[in-house]
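Peer 1: I would like to see how this sequence folds:
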Amino acid sequence: MPRRLTLRQLEYLVAVGERGSVAQAARLLHVSSPSISAALAEAEAELGLRLFLRRPARGLVPTPAGLRVLAAARDALLAADRVAATAADLRETVAGPLALGCLSSVAPLVLPELAARFAAAHPEVRLRHEEGDHESLTGGLREGRLDCALTYDLGLPPGLRFEALAPVPPHALMAPDHPLAARAALTPADLSPHPMVLLDLPGSAAYFLSAFGAGAPCPPVAARTRDMALARSLAANGFGFLLVNLRPLSDLAPDGRRLVARPLLGGPRTLRLGLARPEGARPPRTVAAFEDHARALVTPESIPGARTD
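Peer 2: Reported below is the predicted structural model:
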């Protein structure tokens, strides 16, 4: 009879199934790739099943048996989390696992201070964070992979709730020598004739492009990227203006070049940064504690790592 797989092995299997790659699973869980590969080999040996097939264009693809094992593994991990949360509630302590999602464009600014101060206040919580776009975060919440997520109010599927914490109005970033840099504020009509650097993430791209219409034709897109750091550097190097909601405290792009920020008037609606989580019963004590923590730190007057003026 095969020995029982550990929760860690199950976590590794599920990560490989979701990411389709040992390397991406390792990055998600902050472990080494050899650790993931060893856990996968041990699980297949213990179960006597081939769980994944290697496809050159698609990475690791679950076999039919693998799909059933992955579904059972997800259920087991959720059950283990419920046991830990129940025990913490009974002890009236904040302890156990907490899976936090955060927008990839927001995480570098807000997440480090938010997570560090929460860990200092609640050292018994095992915090795991995952960065992604809005669609991947809402998917993680619905699948039970995430407990809560820091995101924008870009629309939520049924079964999720959103609590707004702070408004984040749109701004245009550009190099100091940009033709529009001397103006105090800008409109979509001002920007229309000029090249644009587009943050090409699901939800974000459509939101920023919605600023333009009949009265302000869509500007030429000079560059597209899913990486906010690269987008800022492209704008600082003169590729075009960049529309953002959250502005870092520093006015330097990652490559050290300076950027200027100008408010965008008459553009898309002001987004709200907030917390999303599944609707329904009272959240576990760990989630409730993090929500209280986020409410205290992320406010209209102050957002960790970002400007609110």
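
Peer 1: what is whichever strand or helix holds residue 42 packed up against?
Peer 2: Element membership for residue 42 (DSSP states H and E) is helix 33-47. In terms of contacts (3 or more CB pairs under 8 Å, 6 or more residues apart in numbering; DSSP states H and E), helix 33-47 is packed against helix 7-19, helix 22-29. (C-beta placed from N, C-alpha, C; glycine too.)

Peer 1: same for the first one, what does it pack against?
Peer 2: Read that as helix 7-19. Against helix 7-19 (3+ CB pairs under 8 Å, 6+ apart) you get helix 22-29, helix 33-47, strand 59-62, helix 64-91.

Peer 1: now it, how far from the centre of its chain.
Peer 2: The chain centroid and the centroid of helix 7-19 are separated by 19 Å under CA atoms, centre = their mean, to the nearest Å.

Peer 1: what residues does that helix touch?
Peer 2: For helix 7-19, the external contacting residues (CB atoms under 8 Å, 6 or more residues apart in numbering) are 5, 22, 25, 28-29, 31, 35-36, 39-40, 42-43, 51-52, 60, 62, 66, 69-70, 73-74, 76-77, 80, 145.

Peer 1: quick one: the helix holding residue 42 to helix 64-91, angle?
Peer 2: 110 degrees (axes from the mean of the first three to the mean of the last three CA atoms, to 10 degrees).

Peer 1: next SSE downstream of helix 33-47?
Peer 2: Following helix 33-47 in sequence, per DSSP H and E, is strand 52-55.

Peer 1: return the set of buried residues in that next one.
Peer 2: For strand 52-55, a neighbour-count test (16 or more other CB atoms under 10 Å) marks residue 52 as buried.

Peer 1: also stretch 210-220?
Peer 2: Under the neighbour-count criterion of 16+ other CB under 10 Å, stretch 210-220 has 211, 212, 216, 219 buried.

Peer 1: same list (those) but as TSV, adding distance to residue 109.
Peer 2: Formatted as TSV, these follow (distance: CB to CB, whole Å):
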residue	distance to residue 109
211	22
212	26
216	29
219	26
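
Peer 1: which one of these is nearest residue 178?
Peer 2: residue 219 (12.8 Å; CB to CB).

Peer 1: out of the helices and strands packed on helix 33-47, which one sits most buried?
Peer 2: helix 7-19 (a mean of 21; mean count of other CB atoms under 10 Å).

Peer 1: for residue 39, which non-adjacent residue is spatially closest?
Peer 2: Among residues not flanking residue 39 along the chain, residue 12 sits closest, at 4.1 Å (CB to CB, 6 or more residues apart in numbering).

Peer 1: quick one: the residue nearest to residue 264 when sequence neighbours are not counted from residue 214, how far?
Peer 2: Counting by CB to CB, 6+ apart, residue 264 lies nearest to residue 170, which is 4.3 Å off, once chain neighbours are set aside. According to CB to CB, to the nearest Å, residue 170 and residue 214 sit 19 Å apart.

Peer 1: report pLDDT for the closest residue to residue 20 other than its chain neighbours.
Peer 2: Distance criterion CB to CB, 6+ apart; nearest residue to residue 20, sequence neighbours excluded, is residue 59 at 4.0 Å. Turning to residue 59, the model gives it a pLDDT of 81.

Peer 1: and what of the one 4 residues further on?
Peer 2: If you check residue 63, the pLDDT there is 91.

Peer 1: isn't it up against residue 51?
Peer 2: Yes. Taking CB atoms under 8 Å as the definition, residue 63 is a contact partner of residue 51 at 6.2 Å.

Peer 1: more neighbours: which of the two?
Peer 2: Per other CB atoms under 10 Å, whichever of residue 63 and residue 51 has more neighbours is residue 51, with 22 against 13.

Peer 1: so what's the gap between the one helix or strand in the chain whose mean pLDDT sits lowest and the chain middle?
Peer 2: Least confident helix or strand, the chain: helix 64-91 with a mean of 79, by mean pLDDT, DSSP states H and E. Offset of helix 64-91 from its chain centre (CA atoms, centre = their mean): 23 Å.

Peer 1: look up the closest residue to residue 65, ignoring the ones flanking it.
Peer 2: Nearest residue to residue 65, sequence neighbours excluded (CB to CB, 6+ apart): residue 49, at 4.8 Å.

Peer 1: please name the residues that touch the one you found.
Peer 2: Contact analysis of residue 49 by CB under 8 Å, 6+ apart lists 63, 65, 66, 69.
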